[in-house]
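1. Build me a model from this:
(one chain, ligands or ions: 2)
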Amino acid sequence: MAQVLIKKSQLAALISFLAARRKVVGPVSLGHGQFKFAEIGTFDDLALDYIPTILPPKKYFMPQHETLLKYDLSRGQEMQAVVEVEELVLFGVHTCDLAGIQCLNVVFSDRPKDINYMLRKSHITLIGLECKDYCDSYANCAMLRNHLPKGGYDLFFSELSDYYSVDINTREGELIVEESGLFTAVTVAEQEELAALRQAKKQTFKSEVPIRYQDIPRLFDETFESDVWTKIGEKCLSCGNCTNVCPTCYCFDVMDEPELDLTKGRRVRVWDSCQHENFAKIAGGESFRETRADRKRHRFNRKFRYPMVRYKRVFCTGCGRCSRSCMAKIDLKETISALMEERG
Ligand code: SF4
Ligand code: SF4
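-> Ligands and ions are numbered 1, 2, ... in the order given. Okay, the predicted model is just below:
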């Protein structure tokens, strides 16, 4: 659509403008170099110089615990569908996490559409923020081409010297710009500054593992029987951290929770993990993925190979969260490098 500018000194006023209308969520510091997305009251609550938050913003699109149905027979209330929706502005989302939300959008809008997800998404305004440098050494966003903006936002902020250059991508973004009155027209000087920023990023961000994007699925196809899976399976604790923190993991379980008198109850959806032993267990106690090596291989193929067949995209954004949070120090970049080395 269009490009506009906002002075850095006006960012606090923008947050106040947004917060007066909706709940605003952004990156906040937890100390010890850890960050999370949480509700902010004012601009001062934000930590815009942040590394990927512990949980990605997917928690606002598919909550960890969500009621799908409820009933209360004591009031004559039969089973009723529930959609938990909240008007939200998500501020300061990095390009890797925008890519993660785009992956979830593709999955949940596939047939049959997930109405709960789609409705929740339609009430969330997304404001992105460009990274000028790597968050830390765990990130592998350049390998997946997610270090640059590729849509999926309403507004997108890129920091220049005195301003943020702001890309307007939707009517929702346009309305924020028009109604806040805080933005000005872009000039040639800022356009050139943005072009220089993008040029500099070409030097900073280089594919972290020497493999081309289009060759990644074939690597996983050709290394299906690799010893690498056995080796990382021996280290893995099956804790499920890597899937919980992953912006593109969406597996869930559905459970009925009746109250003790059986007159009231609800059906809930909760996050699940393919790394848990019970995940692929079926009646009779058989399991499709009995060993930790099987489950690790599945997770990697589920990121880098299977979605390419179904959705024509890799489901890793390069955020580095799985490597950052793994207690067994199983590192995604090292795993890909080991597979490449073994294949030769
Ligand atoms: S976080 Fe690490 S130890 Fe836990 S399931 Fe994932 S790979 Fe295994
Ligand atoms: S697989 Fe790891 S690096 Fe890739 S998106 Fe998931 S958490 Fe991020």
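2. all contacts plus neighbour counts: C-alpha atoms, from now on.
-> OK.
3. Give me the below-cutoff pLDDT ranges for the stretch 201-344 of the chain.
-> Nowhere does the stretch 201-344 of the chain drop to pLDDT under 70.
4. That one: helices as residue ranges?
-> 216-222, 227-235, 241-244, 292-304, 306-311, 321-325, 332-343 (DSSP state H, counting those that start in this stretch).
5. Including distance to residue 4, could those helices go into JSON lines?
-> Formatted as JSON lines, these follow (distance: least, CA to CA, whole Å):
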{"stretch": "helix 216-222", "distance to residue 4": "37"}
{"stretch": "helix 227-235", "distance to residue 4": "48"}
{"stretch": "helix 241-244", "distance to residue 4": "36"}
{"stretch": "helix 292-304", "distance to residue 4": "36"}
{"stretch": "helix 306-311", "distance to residue 4": "33"}
{"stretch": "helix 321-325", "distance to residue 4": "32"}
{"stretch": "helix 332-343", "distance to residue 4": "37"}
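6. can you redo those helices as CSV with mean neighbour count?
-> Listed next are the helices of the stretch 201-344 of the chain as CSV, based on neighbours: other CA atoms under 10 Å:
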stretch, mean neighbour count
helix 216-222, 16
helix 227-235, 17
helix 241-244, 21
helix 292-304, 20
helix 306-311, 14
helix 321-325, 22
helix 332-343, 16
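7. Kindly report the domain assignment for this protein.
-> Per automatic domain parsing, the structural domains of the chain span 2-63+74-204, 213-343.
8. Centre of the chain to the longest one, how far?
-> The reference is to domain 2-63+74-204. Relative to the chain's own centre, domain 2-63+74-204 is displaced by 11 Å; criterion: CA atoms, centre = their mean, to the nearest Å.
9. try the shortest one
-> The offset between the C-alpha centroid of domain 213-343 and the centroid of the whole chain comes to 15 Å, using CA atoms, centre = their mean.
10. Report whether that domain contacts ligand 2.
-> Yes. Using CA under 6 Å from any ligand atom, domain 213-343 reaches ligand 2 at 245, 246, 247, 248, 316, 317, 318, 319, 320, 321, 322.
11. Would you agree the second one is in contact with residue 59?
-> No. Using CA atoms under 8 Å, residue 246 and residue 59 do not qualify as a contacting pair, with a distance of 10.5 Å.
12. which of those two has more neighbours?
-> Set residue 246 next to residue 59 and count neighbours by other CA atoms under 10 Å: residue 246 wins out with 24 against 15.
13. could you measure the more buried one against residue 52, distance?
-> Distance of residue 246 to residue 52, computed by CA to CA, to the nearest Å: 11 Å.
14. cool, residue 21 as well?
-> 27 Å.
15. ok, these two, which is more surrounded?
-> Neighbour totals were compared for residue 21 and residue 52, and residue 52 leads with 24 against 11 (other CA under 10 Å).
16. which ones are touching that one?
-> 35, 135, 319, 320, 321 (CA atoms under 8 Å, 6 or more residues apart in numbering).
17. So for it, what's the pLDDT?
-> pLDDT for residue 52: 98.
18. again with the one 4 residues further on
-> The confidence metric pLDDT takes the value 98 at residue 56.
19. which SS state does it fall under?
-> With DSSP: H, G, I helix; E, B strand; the rest coil as the basis, residue 56 sits in coil.
20. Tell me how many other residues crowd the closest residue to it other than its chain neighbours.
-> For residue 56, ignoring the flanking residues on the chain, the nearest one in space by CA to CA, 6 or more residues apart in numbering is residue 247 at 5.4 Å. Neighbour count of residue 247, defined by other CA under 10 Å: 29.
21. same thing with residue 279?
-> Residue 279 has 18 neighbours, counted by other CA under 10 Å.
22. rewinding a little: go through the helices of the stretch 201-344 of the chain and name the closest to ligand 1.
-> Nearest of those to ligand 1, taken as CA to the nearest ligand atom: helix 241-244 at 4.0 Å.
23. Can you pull the residues of the stretch 151-300 of the chain lying near ligand 1?
-> Within the stretch 151-300 of the chain, the positions near ligand 1 by CA under 6 Å from any ligand atom are 236, 237, 238, 239, 240, 241, 242, 275.
24. From residue 87, how far off is the nearest residue to the first one once chain neighbours are set aside?
-> This points to residue 236. Leaving aside its chain neighbours, residue 236 sits nearest to residue 328 (6.0 Å; criterion: CA to CA, 6+ apart). Residue 328 sits 38 Å away from residue 87, going by CA to CA.
25. try residue 148
-> Counting by CA to CA - residue 148 and residue 87 are separated by 27 Å.
26. what does residue 8 give?
-> 26 Å.
27. give me the number of residues near residue 329?
-> Count around residue 329 with other CA under 10 Å applied: 13.
28. Is it correct that it is in contact with residue 321?
-> No. Counting by CA under 8 Å, residue 329 stays clear of residue 321, with 11.7 Å between them.
29. buried set for stretch 271-282?
-> The neighbour-count check on stretch 271-282 (16 or more other CA atoms under 10 Å) flags 271, 272, 273, 274, 275, 276, 277, 279, 280 as buried.
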